[in-house]
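Q: build me a model:
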Amino acid sequence: MNHTPHIRTVLSCTLLAVSLGAGATACGDSDGDPLASKPFDAAEQVSFNTPSGDVKVDPDKPLEVTADGDDGRITDVTVIDEAGHYLAGELNADGTRWRSTSPLSAGAKYTVKVSTEDADGAPGVHTLTFETAPASSLLTVKFGPKAGTYGVGQPITAELSAPVRSKEARAVVERALKVESSPAVEGAWYWVDDKSLHFRPKEYWPSGAAVNATSNLQGVKVSDKLYGGSSKGLKITIGDRIEAITDAGSHQMTVIRNGEVINTIPVTTGKPGFSTRNGIKVVLGKEYFVRMRGTSIGIAEGSADSYDLPVYYATRVTWSGEYVHAAPWSVGSQGYANVSHGCTGMSTGNAAWFYETVREGDIVKVVNSAGDEMDPFGNGFGDWNLDWDKWRKGSALVADTRDGSSPSDAARLRPQV
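A: Numbers count the residues shown, from 1 in each chain. Here you go, the predicted structure:
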């Protein structure tokens, strides 16, 4: 009799444990709460429009995932490549079809995760991997200039391996071309023609800036059958802000470094009929010695304007042959008259100083000349002669771009003095 209460207590606890266990089992059953169930493999519930086996997917075709509405529906689709880029897509209202809305990349590997639910609301999941075929035609980018240190006027150039004409395709290219600067600047690309772009800031580059240009075009669909290929990036640094202002009216060049005048030089510029171009030019290169001949710019040999001269300390500012250089034969006119055939001449000592002081990308600006305005493109870097509003209109991301033929190679002529 003394053990009876103890036996009843054990039995009571046992019954309570059984009761709790039964309740837990019911909660784990799909009939009780489907969302608490472990997702089933939905391989039999969904299908893809990708080929079977090791056949690579055509990147020109959209990816589609479908489900039989009688067996359930698709609730979510995530598609991501090895670089971490997501593929955009849309799921229809009844959850029976998902379709990509952005193009697949060529030569890429994707992972697709499809979430579903069956007719009873139980969750399912299925994962698929596939690779896209490489592109038959690749668009690559060659950035310029070469790595190094440049002046504040140096634009970044991008030469494309194939023409890109439509605004839509140009926008794809432009979004993939990145120019980063430290310190940061506001800047934009300008389509010079269908195979070349220039990038410049709104104002000159800050002195000491580090500039990095890269292309994210690899695998990206640009237009029908044309995909982006791998391209080498570019890093340059920006030196002191050096501006040489040549006043053709007063026959003086003022050289400014970081806002401070460091030299004033007497010069001669182009005489009537050969007037030096007005406007902003950028130093293209330096040549210690150049043989300059009048025949290279169309002057007949033996005529009154004919010349054939050895020239030293020549700093080039246009492809057609305009230089800042030593002109010892015109020292008597320097500071007083314009007697050259378009170049800016100065004494040998001053030319040597200028040659050693400036670098590629530095600014050479001519004012008060009777000559034409410097062309923005095709004869050097006249990019800064377009104001910012006009420059931005050359971007495919801002407004319609002109189709523009390539700059004439005729501009790349011989030197003039």
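Q: going by C-alpha atoms from here, please, whenever you check contacts or count neighbours.
A: Will do.
Q: what about stretch 204-223, start to end distance?
A: Taking C-alpha to C-alpha, to the nearest Å as the measure, stretch 204-223 stretches 34 Å from start to finish.
Q: then stretch 309-324?
A: 15 Å.
Q: packing partners of the one helix or strand residue 390 maps to?
A: Per DSSP states H and E: residue 390 is located in helix 388-392. On a contact count with 3 or more C-alpha pairs under 8 Å, 6 or more residues apart in numbering; DSSP states H and E, helix 388-392 meets strand 187-193.
Q: immediately after the strand it packs on, which helix or strand?
A: Tracing the chain past strand 187-193, the next element assigned as helix or strand by DSSP H and E is strand 196-201.
Q: now that next one: buried residues?
A: For strand 196-201, burial by neighbour count (16 or more other C-alpha atoms under 10 Å) applies to 196-201.
Q: cool, and stretch 264-272?
A: Here stretch 264-272 shows 265-271 as buried, counting by 16+ other C-alpha under 10 Å.
Q: mind putting those residues into TSV with distance to residue 379?
A: Output for the buried residues of stretch 264-272, formatted as TSV (distance: C-alpha to C-alpha, whole Å):
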residue	distance to residue 379
265	26
266	26
267	23
268	22
269	18
270	17
271	20
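Q: what is the most widely separated pair among these?
A: The most widely separated members of the buried residues of stretch 264-272, counting by C-alpha to C-alpha, are 265 and 271 (18.4 Å).
Q: chain center to stretch 274-291: distance?
A: Centroid separation for stretch 274-291 versus its chain: 28 Å, with C-alpha atoms, centre = their mean, to the nearest Å.
Q: where along the stretch 201-350 of the chain do the helices fall?
A: 348-357 (DSSP state H, counting those that start in this stretch).
Q: so what's residue 116 closest to, chain neighbours aside?
A: residue 74 (4.3 Å; C-alpha to C-alpha, 6 or more residues apart in numbering).
Q: quick one: buried residues of whichever strand or helix holds the one you found?
A: Following DSSP H and E, one finds residue 74 within strand 72-81. Residues of strand 72-81 classed as buried: 72-75, 77, 79-81 (neighbour count, 16+ other C-alpha under 10 Å).
Q: distance of residue 231 from residue 160?
A: Using C-alpha to C-alpha, residue 231 is found at 10 Å from residue 160.
Q: quickly list what's touching both of those two.
A: Counting by C-alpha atoms under 8 Å, 6 or more residues apart in numbering, the residues touching both residue 231 and residue 160 are 140-142.
Q: okay, and which of those residues map to helices?
A: Among these, none falls in helices (DSSP state H).
Q: top of these by neighbour count?
A: residue 141 (24 neighbours; other C-alpha atoms under 10 Å).
Q: in this structure that one contacts residue 160, no?
A: Yes. Contact criterion C-alpha atoms under 8 Å: residue 141 and residue 160 qualify, at 4.8 Å.
Q: alpha carbons of the helix holding residue 390, as CSV, please.
A: The C-alpha coordinates for helix 388-392 follow below in CSV (Å, rounded to 0.1, in the frame of the first residue of the first chain):
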residue,chain,number,x,y,z
TRP,A,388,30.8,70.9,-69.9
ASP,A,389,27.2,70.9,-71.2
LYS,A,390,28.4,70.1,-74.7
TRP,A,391,30.8,67.5,-73.5
ARG,A,392,28.1,65.7,-71.5
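Q: list the buried ones in it?
A: In helix 388-392, the ones that count as buried by 16+ other C-alpha under 10 Å are 391-392.
Q: so what's the residue count around residue 262?
A: Look at residue 262: counted by other C-alpha under 10 Å, it has 11 neighbours.
Q: quick one, phi psi at the residue nearest the centre of the chain?
A: Residue closest to the average C-alpha location in the chain (C-alpha atoms, centre = their mean): residue 177, at 1.9 Å. Here is the backbone geometry of residue 177 (degrees, to the nearest 10): phi -90, psi 120.
Q: who are the contact partners of it?
A: Listed by C-alpha under 8 Å, 6+ apart, the contact partners of residue 177 are 213-217.
Q: again, only this time at 10 Å
A: Counting by C-alpha atoms under 10 Å, 6 or more residues apart in numbering, residue 177 touches 141, 143, 158, 189, 199, 213-217, 233.
Q: over to residue 245?
A: Contacts for residue 245 (C-alpha under 10 Å, 6+ apart) come out as 252-256, 264, 279-280, 363-367.
Q: put the buried members of those into a ChimeraX selection.
A: To isolate the buried ones among these in ChimeraX, judged by 16+ other C-alpha under 10 Å, type:
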select :252,253,254,255,256,279,280,363,364,365,366,367
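Q: tabulate the contacts of residue 245 in JSON lines, adding columns for pLDDT and distance to residue 64.
A: Output for the contacts of residue 245, formatted as JSON lines (pLDDT from 0 to 100; distance: C-alpha to C-alpha, whole Å):
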{"residue": "252", "pLDDT": "98", "distance to residue 64": "70"}
{"residue": "253", "pLDDT": "98", "distance to residue 64": "67"}
{"residue": "254", "pLDDT": "98", "distance to residue 64": "66"}
{"residue": "255", "pLDDT": "98", "distance to residue 64": "64"}
{"residue": "256", "pLDDT": "98", "distance to residue 64": "62"}
{"residue": "264", "pLDDT": "98", "distance to residue 64": "70"}
{"residue": "279", "pLDDT": "98", "distance to residue 64": "56"}
{"residue": "280", "pLDDT": "98", "distance to residue 64": "54"}
{"residue": "363", "pLDDT": "98", "distance to residue 64": "55"}
{"residue": "364", "pLDDT": "98", "distance to residue 64": "58"}
{"residue": "365", "pLDDT": "98", "distance to residue 64": "58"}
{"residue": "366", "pLDDT": "98", "distance to residue 64": "61"}
{"residue": "367", "pLDDT": "98", "distance to residue 64": "63"}
